[in-house]
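J.: starting from these lines, generate the structure:
(chains A and B)
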Amino acid sequence: MTGVIIFSYSTPPPQKIIGEASRIFYFHIPQAWICVIAFTMSMIYSIRYLKTRNIVFDDRAYEAARLGFLFCILATITGSIFAKITWGSFWNWDPRETSIFILLLIYGAYFALRGAIEVEEKRAALASVYAIFAFITVPFLIFVLPRIVPSLHPADSVVDSNLKFTMGATVRMIFFTSLAVFTAIFFWIFNLARRLHHINRLMLESED
Amino acid sequence: MTSPKTNAGLISKSFAVFAKDIRLELRSRYALNAILMFGITTLAVVSFSLGQSNLPPHLMAALFWVVMFFSAVAGLAQVFIREEETGTILALKLAAAAEPVYLGKLLFNFFLLTVMVTVITPLFFIFTDAQVVGIAAFSAVLILGVIGLCSATTLVAAIIAKASVKGALFAVLSFPILVPLLLTLVQATQKLFDNGAFDAVMTEMQFLLAYAVVMTTGSILLFKYVWQE
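T.: Sure, this is the predicted structure:
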């Protein structure tokens, strides 16, 4: 991570027209990527919970959602700053901005639902159902949004239409290292949270 | 899992649940009153503030669905909350399996929203200057919209009936799920207010249909987990 931060500032900016500000993309894209991974993981653990009724899976779904929410906020903030500099305003209702906004709403609704139910098993089951149900709507969003407003996001920032990398070698190296490091950090925190939950459960059991 | 014997009676059982809810609703008319009063009030506010000004179609379409969405939210959650509050949910659990209950409630919500649409839509045209040429296409979009709204919100209603703060939670949980539906409905309605006919809204109608089918299927698969709690 330290390496990524140092190199992302010491090498020339990745995009000539935007200049210095384009360095933010080393952080913005990995964060958005984690958002999607976390949301998917949360859904998969929800399905596994409903299948097995093992409360451990609900803990994991919850932790994945919590981390996903954090990265979602980070991606929204970095994206918003980036948007102000490149497109002139903090918020434009570009399709991806809209979808991350809806993702934030879904996460918010998920936590609101969890907060409103006292009994643990009930909370786990209902929250799992909602997580899965909300995930089903994602394909519709992907279909419907780009038809309403044209995207300002470049489609060719990572790969172009021929699936060739569009970045220079240095930029590419820093970008993919950043992606890998962010993913590693996500799984590391996720693992810590998972173990903490596990220990808490063991303690509760031994108290009983 | 359901045996072949119960499968055969699925439709009749669903209708039994539906008929029971209709009978209850006709006695109290609670959900219908809530929906209609809410719709008429918001519509009146919209009409007052518009005055004689002529809005462009896209604003008209957005206003129309804002009125519809909030009126629907006012009453749709009732189907399951009522069962929870009167304590009849245990009896219903004994009497029927998850699928017929879900389908019955879905039908009942569909009935509520159909009444809402048939009352509010003419009033909307009276109060505002909106006009549609393709009435058939407009009705089709309305029906698909109503089906989409029910298919997505009935499961959410079942979820929030178990939670402690019911009313506020329903809108919070439904909105993110309904966003793709509402955006498409607004888009289709805008085209129709702009003198479009069937051809203009074909893709939107396909989308609405797909949404309703997927959400209903998802709900049927997931409902039993909610129902068991």
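J.: any low-confidence regions in chain A?
T.: A:1-22, A:144-169 (pLDDT under 70).
J.: report the longest helix in chain A, please.
T.: Looking across chain A with DSSP state H, the single longest helix is helix A:169-207.
J.: ok now that one, how far from the chain's centre?
T.: Computed by C-alpha atoms, centre = their mean, to the nearest Å, the chain-centroid distance of helix A:169-207 equals 13 Å.
J.: for that helix, packing partners?
T.: helix A:2-10, helix A:25-52, helix A:55-87 (3 or more C-beta pairs under 8 Å, 6 or more residues apart in numbering or on different chains; DSSP states H and E). Backbone N, C-alpha and C define where each C-beta goes, glycine included.
J.: between that helix and helix A:55-87, how many degrees?
T.: 150 degrees (axes from the mean of the first three to the mean of the last three C-alpha atoms, to 10 degrees).
J.: mind listing what's buried in helix A:169-207?
T.: A:171, A:174-175, A:177-179, A:181-182, A:186, A:190, A:193-194, A:197 (16 or more other C-beta atoms under 10 Å in any protein chain shown).
J.: please apply the same query to stretch B:54-72.
T.: B:55, B:57, B:60-65, B:67-69, B:71-72.
J.: pLDDT on stretch B:18-32, on average?
T.: For stretch B:18-32, mean pLDDT is 84.
J.: circling back to that earlier point, run the angle between the longest helix of chain A and helix A:25-52 for me.
T.: Using the same axes, to 10 degrees: helix A:169-207 against helix A:25-52 is 40 degrees.
J.: which residues of chain A lie near chain B?
T.: A:50, A:102, A:105-106, A:108-109, A:112-113, A:116-118, A:121-122, A:125-126, A:128-130, A:132-134, A:136-137, A:140-141, A:143-145, A:147-148 (C-beta under 8 Å from any C-beta of the partner chain).
J.: one more time with 6 Å, if that's ok
T.: A:50, A:102, A:105-106, A:109, A:112, A:116-117, A:122, A:125-126, A:129-130, A:133-134, A:136-137, A:140-141, A:144 (C-beta under 6 Å from any C-beta of the partner chain).
J.: on that earlier part again, in strands, which of the buried residues of stretch B:54-72 appear?
T.: Using DSSP state E, no member of those sits in strands.
J.: can you redo these as JSON lines with pLDDT?
T.: As requested, the buried residues of stretch B:54-72 are exported to JSON lines (pLDDT from 0 to 100):
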{"residue": "B:55", "pLDDT": "79"}
{"residue": "B:57", "pLDDT": "82"}
{"residue": "B:60", "pLDDT": "86"}
{"residue": "B:61", "pLDDT": "88"}
{"residue": "B:62", "pLDDT": "88"}
{"residue": "B:63", "pLDDT": "89"}
{"residue": "B:64", "pLDDT": "90"}
{"residue": "B:65", "pLDDT": "91"}
{"residue": "B:67", "pLDDT": "90"}
{"residue": "B:68", "pLDDT": "90"}
{"residue": "B:69", "pLDDT": "89"}
{"residue": "B:71", "pLDDT": "88"}
{"residue": "B:72", "pLDDT": "87"}
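J.: residue B:101: which of those is nearest?
T.: residue B:72 (20.7 Å; C-beta to C-beta).
J.: below-threshold pLDDT in chain B: ranges please.
T.: Short version for chain B, where the test is pLDDT under 70: B:1-8.
J.: dump the helices and strands packed on helix A:169-207 to CSV, plus mean neighbour count and distance to residue B:145.
T.: What follows is the helices and strands packed on helix A:169-207, written out as CSV (neighbours: other C-beta atoms under 10 Å in any protein chain shown; distance: least, C-beta to C-beta, whole Å):
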stretch, mean neighbour count, distance to residue B:145
helix A:2-10, 13, 47
helix A:25-52, 20, 27
helix A:55-87, 20, 29
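J.: which residues of chain B lie near chain A?
T.: Residues of chain B lying near chain A (C-beta under 6 Å from any C-beta): B:159, B:162-165, B:169, B:172-173, B:176-177, B:179-180, B:183-184, B:211, B:218, B:222, B:225-226, B:229.
J.: ok so, going back, and the residues of chain A next to chain B, which of them are buried?
T.: Buried among those by 16+ other C-beta under 10 Å: A:50, A:102, A:105-106, A:109, A:112, A:116-117, A:125-126, A:129-130, A:133-134, A:136-137, A:140-141, A:144.
J.: in chain B, which spans are helices?
T.: Using DSSP H, helices in chain B cover B:4-8, B:10-28, B:30-50, B:57-76, B:78-86, B:89-95, B:98-127, B:135-160, B:166-193, B:202-228.
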